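J.: quick one: sequence and predicted model below, then my questions.
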Amino acid sequence: MSAGFHAAGELVAVLTTEPLDRLLDYKAPQGGCFDGAFVEVPLGPRKVLGVVWGPGKGDFDHNRVRPVIRVLDAAPMTPAMREFLGRVADYTLTPMSAMLRLATRSPGLGDPPAMRTVYRLGNAAPPRLTDARKRVLEVLSDYAGLSFTLGELAAQAGVSSGVVKGLVASGAVLEEASPRDLPYPRLDPDLGGKPLNEEQAAAVAVLAGGIGKGVYGTTLLQGVTGSGKTEVYLEAVAATLRQRRQALVLLPEIALTAEFLDRVEARFGARPAEWHSGITLTERRRVWRMVGEGGAELVVGARSALFLPFRDLGLIVVDEEHDSSYKQEDGVLYSARDMAVLRASLCSAQVVLASATPSLESWANAEAGKYRRVILTSRFGDSVLPEMRAIDMREENLPSNRWISERMVAEVAARVAAGEQALLFLNRRGYAPVTLCRACGQQIACQHCDARMVEHRFLKRLMCHQCGETIPIPTECPSCKVEGKLAALGPGVERLAEEVHARFPEARVAVLSSDLFGSARALKEQILAIAEGGADIIIGTQLVAKGHNFPLLTLVGVIDADLGLQGSDLRAAERTFQLMRQVAGRAGRHDKPGLALLQTWQPEHPVIRAILGGDEESFWRAEAEERRQAGVPPYGRMAGIVISAPEVGQAFDLGHHLARNAAPLHRIGAQVFGPAAAPIARIRGRHRVRLLVKAAKGAPLQAALSDWVGPVKLPNGVRLAIDIDPQSFY
């Protein structure tokens with residue numbers, strides 16, 4: 001019998017999705033089961049989902065062991081996937097049950113395959129051939145071998161559904177039941193992509209060489225904005241498909257997916273599977289099943305696509321690999337970029353980390369020789385990198401209610417007059433970040449969080465950006481009840497739009513901010529309209545910095561280049577540098593030269609000087625040396641401990657207890673800082689306290705953390721989360 005097979009009645013260990021700290025023993029069902037099989041098992045009075053993890057322990061009465069109810073009709077979880085989940089669990093200190101839930105986020109896995117009614121060409125001739133019937137038969141003949149739903153066939157032929165039904169009655173069209181979860185169309189790797197320049201072709205050769213060997217390797221694909229990184233890694237996808245292996249492309253924003261899918265279809269002749277929060281539950285089930293069966297060659301998705309059950313994964317591309325959205329900040333706390341490298345190492349796959357401004361972690365790994373590094377130094381075609389200049393706001397005499405300098409106004413006006421586009425960038429959603437009562441001095445805050453309510457004037461609401469709570473914009477102060485004294489302080493993109501309308505009344509203005517679009521489709525339509533020249537002035541948040549291509553855009557104006565430099569985040573300089581360089585790269589991507597203007601109150605700041613100077617390697621080296629001297633990532637290790645509780649005293653009591661009993665951490669030379677109130681000390685009514693652990697790079701941090709928090713019994717209502725390699729410190 002095959003290895004990993006368990007005959008009926010043998011004990012098997014099953015990992016379930018329930019919050020238990022161990023595997024459970026069951027008897028294999030009639031017909032037996034293999035390791036990795038998805039099964040339904042009894043747990044008390046309920047039926048729960050699980051995966052066979054190996055032979056059972058048999059460490060209690062065999063007669064009390066219950067049998068597996070049934071093996072589900074799904075491709076078994078591969079050994080590499082089971083090892084991946086275990087390794088991620090060990091690294092992030094996450095229970096295995098939570099890892100399995102992350103890997104089975106698809107509805108109806110226990111349901112029998114769903115069916116639908118489809119129509120295809122029959123053998124009989126209809127007794128009467130009308131023009132409408134002829135069109136139906138022509139469609140079915142033209143698409144020989146394919147089947148259609150009733151609605152699809154009627155629409156394709158331009159007839160009513162009754163015409164199709166009449167052909168069914170005559171036998172000219174066959175009506176059949178077909179599985180709903182069909183494989184995705186085959187992609188053609190040899191259809192032919194765009195012509196590559198010499199630099200791009202050399203990059204493709206490096207990536208394809210690694211793929212052809214069928215071994216693990218990671219490549220940092222670094223190229224200036226507009227250098228054709230996407231075309232390069234799509235050729236890596238093509239090389240993977242020729243090897244009959246699967247590929248995964250991770251994108252940081254759903255908003256980028258639609259445009260990217262169009263590029264994939266143009267390159268390979270069909271659309272890939274997509275996985276993100278915007279797809280339907282039906283499509284989610286189809287993707288999950290087809291990935292496991294090999295019926296999806298390429299998946300394009302968000303970070304959680306990394307946990308899909310690929311049968312034979314040969315390539316993972318992490319586009320905009322520096323983007324902070326790849327870090328999951330709730331539930332299982334993981335970095336998709338780092339876990340992509342881990343997953344590839346376990347299934348002999350290649351990883352491509354693509355970015356114009358790579359993360360310092362990836363840059364350091366390339367410098368150390370752990371990753372290959374391929375650099376694209378010039379833009380594709382005739383376009384050149386934009387010129388970058390600073391506007392010293394100390395020399396501008398702006399009124400207190402205006403934020404666009406006169407120099408910026410003049411440059412925008414020149415672009416509009418020339419029929420070109422200008423982009424004004426401000427990384428702050430809404431109309432104003434603070435609403436102040438001028439009678440009592442009170443700032444309107446969220447009732448559930450220690451955060452100020454942000455005015456969204458377009459929506460006529462105040463919104464908390466921490467918990468999502470909204471209230472109508474009040475006419476009187478909630479504190480002192482005085483009317484007419486509430487004032488909006490500071491700018492958001494909506495307020496910036498108000499100023500633009502006043503300064504450029506004839507211009508067509510578009511605002512791109514994630515909270516202004518009810519669906520990904522609406523956002524896609526707006527982006528397409530802008531790309532086709534449907535706006536003169538674009539106002540946007542960081543949404544506009546990623547991947548969009550506006551041919552007429554020749555000016556980028558950053559309204560507050562200093563915004564990201566505030567605070568104590570160790571990555572503040574890195575993130576500001578990345579964001580400014582990315583957004584500046586939107587300008588001049590075609591045949592017209594671009595200009596990027598940064599409004600700053602600190603033109604002498606090292607980060608601002610580095611952005612303007614364009615010497616990225618010097619910036620990374622200087623930033624790396626500072627981190628090395630401080631012993632912080634990527635040259636040291638960190639873990640964040642977040643305690644939350646209904647009462648602030650409960651959170652601090654536990655924090656002090658942990659700080660006093662940190663011997664396991666001290667034994668590995670780690671330092672413990674805190675407890676201290678989190679910068680946002682209350683979210684959704686729960687008080688938050690943080691501790692920070694800092695250790696040397698080679699220290700066994702996870703084992704020490706487990707020994708430290710393992711004996712702690714959490715009081716009712718108190719939660720403790722461990723964040724390995726924290727990206728944010730709020």
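T.: Okay, I see it.
J.: please make it C-alpha for all contacts and neighbour counts, starting now.
T.: Noted.
J.: I figured Arg116 hits Leu182, correct?
T.: No. Using Cα atoms under 8 Å, Arg116 is not in contact with Leu182, being 10.5 Å away.
J.: and the chain, what are its domain boundaries?
T.: The chain breaks down into these domains under automatic domain parsing: 5-78, 115-179, 198-376, 387-428+491-623, 431-490, 637-724.
J.: closest one to Ser106 among these?
T.: domain 198-376 (5.2 Å; Cα to Cα).
J.: average pLDDT for that closest one?
T.: When pLDDT is averaged along domain 198-376, the result is 93.
J.: from the chain's centre, how far out is that domain? Work that out for me.
T.: Remark: domain 198-376 is offset 12 Å from the chain centroid, using Cα atoms, centre = their mean, to the nearest Å.
J.: stretch 161-176 too?
T.: Going by Cα atoms, centre = their mean, where stretch 161-176 is centred and where its chain is centred differ by 45 Å.
J.: excluding chain neighbours, what is closest to Pro491?
T.: Nearest non-adjacent residue to Pro491, counting by Cα to Cα, 6 or more residues apart in numbering: Ala432, 4.9 Å away.
J.: quick check, pLDDT for that neighbour.
T.: Ala432 is assigned a pLDDT of 88 by the prediction.
J.: ok, how many other residues are close to it?
T.: Number of residues near Ala432 (other Cα atoms under 10 Å) recorded here: 23.
J.: do the same with Ala98
T.: Using other Cα under 10 Å, Ala98 has 18 neighbouring residues.
J.: repeat for Gly292
T.: 19.
J.: correct me, but it touches Phe310?
T.: Yes. In this structure, Gly292 is within contact of Phe310 by Cα under 8 Å, at 5.1 Å.
J.: hmm, back to that, any chance of JSON lines for the domains of the chain, columns distance to Val88?
T.: Output for those, formatted as JSON lines (distance: least, Cα to Cα, whole Å):
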{"stretch": "domain 5-78", "distance to Val88": "15"}
{"stretch": "domain 115-179", "distance to Val88": "34"}
{"stretch": "domain 198-376", "distance to Val88": "7"}
{"stretch": "domain 387-428+491-623", "distance to Val88": "24"}
{"stretch": "domain 431-490", "distance to Val88": "27"}
{"stretch": "domain 637-724", "distance to Val88": "11"}
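J.: return the most buried member of those domains.
T.: domain 198-376 (a mean of 21; mean count of other Cα atoms under 10 Å).
J.: list the residues that contact the nearest residue in space to Ala510 that is not next to it in sequence.
T.: Residue nearest to Ala510 in three dimensions, not counting chain neighbours: Ile538, with 4.9 Å by Cα to Cα, 6+ apart. Ile538 sits next to 421-424, 509-512 when contact means Cα atoms under 8 Å, 6 or more residues apart in numbering.
J.: which one of those residues sits closest to Pro79?
T.: After measuring the contacts of Ile538 against Pro79 - Cα to Cα - the closest member comes out as Leu512, at 44.1 Å.
J.: verify the stated contact: that closest one with Gln542.
T.: No. If you go by Cα under 8 Å, Leu512 and Gln542 don't touch, sitting 9.1 Å apart.
J.: still on that earlier bit, would you agree the residue nearest to Pro491 is in contact with His456?
T.: Yes. Counting by Cα under 8 Å, Ala432 does reach His456; the two are 7.3 Å apart.
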